[in-house]
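coords please:
(chains A and B)
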Protein chains: 2
Amino acid sequence: MQPTALISALRDICGPNGIITDLTALRPYQIDWRERYHGNAIALALPQNTEELIALVKLCQQQQIAIIPQGGNTSTCGGAVPLSNYYQPQLIINLKRMKRILNLDRVNNSLTVEAGCSLTQVQQAAQAAGLYFPLSLASEDSCQIGGNLATNAGGIHVLKYGMMRELTLGLEAILPDGSLLSCNTALRKNNTYLDLKQLLIGSEGTLGIISQATLRLFPPIYDYFTFSVAVNSLSQALCLLECLRANYSNNVAAFEILKAETIELMLAYHPDERLLLRAPWQLIVELEITTEFSLERFYRLLDELPLDLNQLIVATTPTERKAIWQIRELVPLVEKQHGYALKHDIALPLSALEEFLAVNMPKLLACVPHGYFSIFGHLGDGNLHYNFGIKGASRHSISQLEQQISPLVYADVVALGGSIAAEHGIGQTKVAALPTTLNSINYQLLRQIKNMLDPANLFNPGKIFPL
Amino acid sequence: MQPTALISALRDICGPNGIITDLTALRPYQIDWRERYHGNAIALALPQNTEELIALVKLCQQQQIAIIPQGGNTSTCGGAVPLSNYYQPQLIINLKRMKRILNLDRVNNSLTVEAGCSLTQVQQAAQAAGLYFPLSLASEDSCQIGGNLATNAGGIHVLKYGMMRELTLGLEAILPDGSLLSCNTALRKNNTYLDLKQLLIGSEGTLGIISQATLRLFPPIYDYFTFSVAVNSLSQALCLLECLRANYSNNVAAFEILKAETIELMLAYHPDERLLLRAPWQLIVELEITTEFSLERFYRLLDELPLDLNQLIVATTPTERKAIWQIRELVPLVEKQHGYALKHDIALPLSALEEFLAVNMPKLLACVPHGYFSIFGHLGDGNLHYNFGIKGASRHSISQLEQQISPLVYADVVALGGSIAAEHGIGQTKVAALPTTLNSINYQLLRQIKNMLDPANLFNPGKIFPL
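Predicted coordinates for the structure are as follows:
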């Protein structure tokens, strides 16, 4: 099919406003959030419902056009943008026009939505019904539920509520052959052999495109108790976590950490920020509490730990709570503003975190003595954003260093039973790293599944697997 | 290979005590828990480690011997026993000799075990370390962790903690080609593309045999508040659930129900049981509580609901708690003792449960006017054991009725968005029902995965899919 005939066929499916080919309008959809990948698509499709989606997939299948599923385009590893100079034409399918709330079932505590709903929209729909959806990410205003599912999103509440996988009851997706996978049930128990929705969760757009989902809602949170405290070491932080879990059980809802250098970096951009502590590490912790929460008991517990209570900030109002969380939310923005660093999104068993830092940090400093570590993240889940920066380095020199440094990080992560992709996924950034860190049997099995569902490699080519 | 040579080759792998061929000793491994399926195996293998397991699978692969993975043999749907008169020889591999606790990581709140550990053994290992593993089933003394994983076991704490799937961080399994799938990590976040362990969870022994697992542990429970109360209807029960969740959040850990006829059945066998209430439905509810739990507040909450507080039993001691739970645990035993009934393990959205009963019960009674309904189960998860009995019926007549009755049940379950296999799985019992209730695209995809991993159909043939 000739390009003009193809565009016209696409317009027949999505209507005149549903297909965008203007280069200026296309641009933001072709560049990733971190602005590292600039791709080329023949067009952007904005379908309005599952039927249009199926028709798009079937047309692309027939015409051998690659499909780039896209939600809010907030991937940090180039997972949601087209490739540059790919041999096949690429079509971006963004679900932003599919954002209907389909069903809020208060008795069943579940919410069925179209995949283009933003995470904030879902949180608000739950709240409006007196319920709660716990997934919470820095990009929640713009990221879409379909993307949250395709990347198995994490965020700050995994410690208590699990990842997006655990928060999902059902989903509907269009498979690469254009058939509709209907697993969009609202059931908490469903053992009819394999749980097929698991094939799409974390698939990063390579096995189909998610069109709807049913999410698990929770009782509302009566109140939060939020505090921030300085600690000298990871093991001191983990002691506090153990104490809190022993006393507040699963109501420890967030347990975040920032390293001194991250705090310095933030002070460089926000010198007036008074909630940043001068310490080797700063924690941000949140408990979900009820009327019965005793502040006195909390202080008694902390008194027994080797903590410096002069370095403790307790939020006593919702405004103060918000201010503490704003620190945490600033981190990725300051990191982005500050520019190039070698970023690693790693997870380790909590018991191996300290050893990892002790083993790996000297290796990186041996390569680049003037490098600095900005480390922050979801300590309670064992997930650190382990970023290594070099002052004044250019994007080009950082990219070159990446070839040398990242394998050193990943080797130690894997040796200690960790993951090189805790919550951000593989995308384009980690295509080469994946087979070097996964067992070859596992890697081959992943490939087998991809080949089974998408033999022509039309869905998000160049992501996960090399071309 | 001749039979004697084969047995000798098996003995070379597992040692003289590791292969059982004596018919009397074999018998309990060839008959399922409900005694409906009597199979024939050439032998029972009792491997002691992963290496022996791999060698067994490779030998079976080479000799085209079917493998029946078996844990505690507590399947209620014939999922763990060999077929009768199958054209290929069948080898039962039971993991009871692989029951080592491999690693209890207190900092990481995780426990790595061999798949032959009993559930009780795991619960106790967690408890000994001051932690908690929440999976709890009637068969916990005999069922094995490998079976819990292969069937994605449920039980009474799903409401708060999820199914076995949600309680599992990692696993190791031998795939049908004899290769070792190593996903036995202890990570809470791991997004290296698809989560391969999901292929084995719920696979019912058809895609490989699970050899090890790493389980998620939780903070210990300070105390329980357990009570039992009568309600007139499901909607009254669901009102209570909503009230409890609004006030005690996710600390509602169990919410079980028994129907009047089930209570009557129990009284027939245990006439002195004083904790059984005379009511249309009886609930058994458990909250996880802390020092701050106020009994006064609890009574205030209940006062506002239309409940008959003369029909309320509150456990005030651990012994009383145990007595309440004994009622619930008795149900499947009494059901087994009472004999033949048409059993259905269904799940529905909570909002559809009452409609299902209103629609379906009259249809069954129209077929068998003197039938009775013994309904009990995990109401909080939408999972009912919906059993239809006929007084004085023989096993043969029940089996014949099954052909007529079960499709009526399943059609209404599916029409209302439910599942025909909530927590017991498919096994042999529901092989014919599965394709009639699943979407054909989903069913074909399940078959494709089975064919991809086990093209010779050597793993648990005749389960899930027809021969």
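
now the helices: where do they sit in the stretch 201-350 of chain A?
Counting by DSSP state H, counting those that start in this stretch, the stretch 201-350 of chain A has helices at residues A:234-248, A:260-269, A:295-303, A:318-338.

Adding distance to chain B and mean neighbour count, write these out as a markdown table.
From N, CA and C alone the C-beta is placed, and that goes for glycine too. Below are the helices of the stretch 201-350 of chain A laid out as a markdown table (distance: least, CB to the nearest CB, whole Å; neighbours: other CB atoms under 10 Å in any protein chain shown):
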| stretch | distance to chain B | mean neighbour count |
| --- | --- | --- |
| helix A:234-248 | 4 | 19 |
| helix A:260-269 | 19 | 18 |
| helix A:295-303 | 9 | 13 |
| helix A:318-338 | 17 | 16 |
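
In space, what's closest to the residue most central in space within chain A - neighbours in sequence excluded?
By CA atoms, centre = their mean, the mean C-alpha position of chain A lies nearest to residue A:153, the distance being 4.0 Å. Leaving aside its sequence neighbours, residue A:153 sits nearest to residue A:164 (CB to CB, 6 or more residues apart in numbering or on different chains; 4.5 Å).

Tell me the spacing between the one you found and residue A:73.
17 Å (CB to CB, to the nearest Å).

between the two, who's got more neighbours?
Under the criterion of other CB atoms under 10 Å in any protein chain shown, the comparison of residue A:164 against residue A:73 puts residue A:164 first, with 27 against 22.

Phi first, then psi, for that one.
Torsion angles at residue A:164 (phi, psi; degrees, to the nearest 10) stand at phi -50, psi -40.

Count the neighbours of residue A:378 for me.
Residue A:378: 24 neighbours (other CB under 10 Å).

hey, what's it bridged with?
residue A:383 (DSSP bridges).

any idea how far the residue nearest to residue A:218 when sequence neighbours are not counted is from residue A:116?
Nearest residue to residue A:218, sequence neighbours excluded (CB to CB, 6+ apart): residue A:132, at 4.6 Å. From residue A:132 across to residue A:116, the span is 22 Å (CB to CB).

How about residue A:264?
39 Å.

Next: residue A:439.
36 Å.

neighbour count winner among these two?
residue A:116 (25 against 16).

Secondary structure of the more buried one: a strand, I assume?
No - counting by DSSP: H, G, I helix; E, B strand; the rest coil, residue A:116 is not part of a strand but coil.

give the contact list for it.
A:71, A:94-99, A:144-146 (CB atoms under 8 Å, 6 or more residues apart in numbering or on different chains).

go again using 7 Å as the cut-off
A:95-99, A:144, A:146 (CB atoms under 7 Å, 6 or more residues apart in numbering or on different chains).

Can you read off the pLDDT for the residue nearest to the centre of chain A?
Model confidence at residue A:153, given as pLDDT, is 97.

Am I right that it is in contact with residue A:137?
Yes - using CB atoms under 7 Å, residue A:153 is in contact with residue A:137, at 6.0 Å.

Surely residue A:431 and residue A:461 touch.
No - between residue A:431 and residue A:461 there is no contact under CB under 7 Å: 10.9 Å.

Those two: which has the busier surroundings?
residue A:461 (22 against 17).

Is the residue nearest to the centre of chain A within a helix or a strand, and which one?
Using DSSP states H and E, residue A:153 falls within no helix or strand.

picking up where we left off before, can I get the helices of the stretch 201-350 of chain A in CSV including mean pLDDT and distance to residue B:241?
Below are those laid out as CSV (pLDDT from 0 to 100; distance: least, CB to CB, whole Å):
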stretch, mean pLDDT, distance to residue B:241
helix A:234-248, 93, 24
helix A:260-269, 94, 44
helix A:295-303, 92, 29
helix A:318-338, 89, 29
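
Identify whichever of those lies nearest to residue B:210.
Nearest to residue B:210 among the helices of the stretch 201-350 of chain A is helix A:234-248; the distance by CB to CB comes to 28.4 Å.

Show me what the closest one packs onto, helices and strands only.
strand A:252-259, strand A:281-289, helix A:353-367 (3 or more CB pairs under 7 Å, 6 or more residues apart in numbering or on different chains; DSSP states H and E).

mind checking which of the ones you listed is nearest chain B?
Smallest distance to chain B across those (CB to the nearest CB): 7.1 Å, for strand A:281-289.

Return the residues in contact with the nearest residue to residue A:460 once chain neighbours are set aside.
Spatially, and ignoring its direct neighbours in sequence, residue A:460 is nearest to residue A:205 (4.0 Å; CB to CB, 6+ apart). Going by CB under 7 Å, 6+ apart, residue A:205 touches A:69, A:79-80, A:150, A:459-460, A:463.

The same query, at a cut-off of 8 Å, please.
Residue A:205 neighbours (CB under 8 Å, 6+ apart): A:67-70, A:79-80, A:150, A:459-460, A:463.

Between which two of these is the distance greatest?
A:67 and A:79 (13.5 Å).

Near chain B, which residues of the stretch 51-200 of chain A? Just list them.
A:105-110, A:130, A:151-152, A:154, A:158-159, A:162-163, A:165-166, A:175, A:179-183, A:185-196, A:198-199 (CB under 8 Å from any CB of the partner chain).

Buried members of those into PyMOL, please.
PyMOL command restricting those to the buried ones, with burial defined by 16 or more other CB atoms under 10 Å in any protein chain shown:
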select buried, chain A and resi 105+107+108+109+110+151+152+154+158+159+162+163+165+166+175+179+180+181+182+183+185+186+187+188+189+190+191+192+193+194+195+196+198+199
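
Restricted to helices, list the residues of the stretch 51-200 of chain A next to chain B.
Among those, the members found in helices (DSSP state H) are A:158-159, A:198-199.

Could you dump these into CSV and include pLDDT?
Listed next are these as CSV, based on pLDDT from 0 to 100:
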residue, pLDDT
A:158, 96
A:159, 95
A:198, 98
A:199, 98
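
Which members of those residues define the maximum pairwise distance?
A:159 and A:199 (26.3 Å).

Would you mind writing the CA trace of stretch A:382-402 as PDB?
The C-alpha trace of stretch A:382-402 is given here as PDB (Å, rounded to 0.1, in the frame of the first residue of the first chain):
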ATOM      1  CA  GLY A 382      14.900  -3.400  48.200                       C
ATOM      2  CA  ASN A 383      14.700  -1.100  45.100                       C
ATOM      3  CA  LEU A 384      17.400   1.600  44.800                       C
ATOM      4  CA  HIS A 385      17.900   4.000  42.000                       C
ATOM      5  CA  TYR A 386      21.600   3.700  41.900                       C
ATOM      6  CA  ASN A 387      22.800   6.600  39.900                       C
ATOM      7  CA  PHE A 388      26.500   7.500  39.200                       C
ATOM      8  CA  GLY A 389      27.200  11.000  38.000                       C
ATOM      9  CA  ILE A 390      30.300  12.800  36.800                       C
ATOM     10  CA  LYS A 391      30.400  16.600  37.200                       C
ATOM     11  CA  GLY A 392      30.600  18.400  33.900                       C
ATOM     12  CA  ALA A 393      30.400  15.200  31.800                       C
ATOM     13  CA  SER A 394      28.700  15.500  28.400                       C
ATOM     14  CA  ARG A 395      26.000  13.200  27.200                       C
ATOM     15  CA  HIS A 396      28.400  11.600  24.800                       C
ATOM     16  CA  SER A 397      31.100  10.800  27.500                       C
ATOM     17  CA  ILE A 398      28.400   9.500  29.800                       C
ATOM     18  CA  SER A 399      27.200   7.200  27.000                       C
ATOM     19  CA  GLN A 400      30.700   5.900  26.500                       C
ATOM     20  CA  LEU A 401      31.200   5.300  30.200                       C
ATOM     21  CA  GLU A 402      27.900   3.400  30.300                       C
END
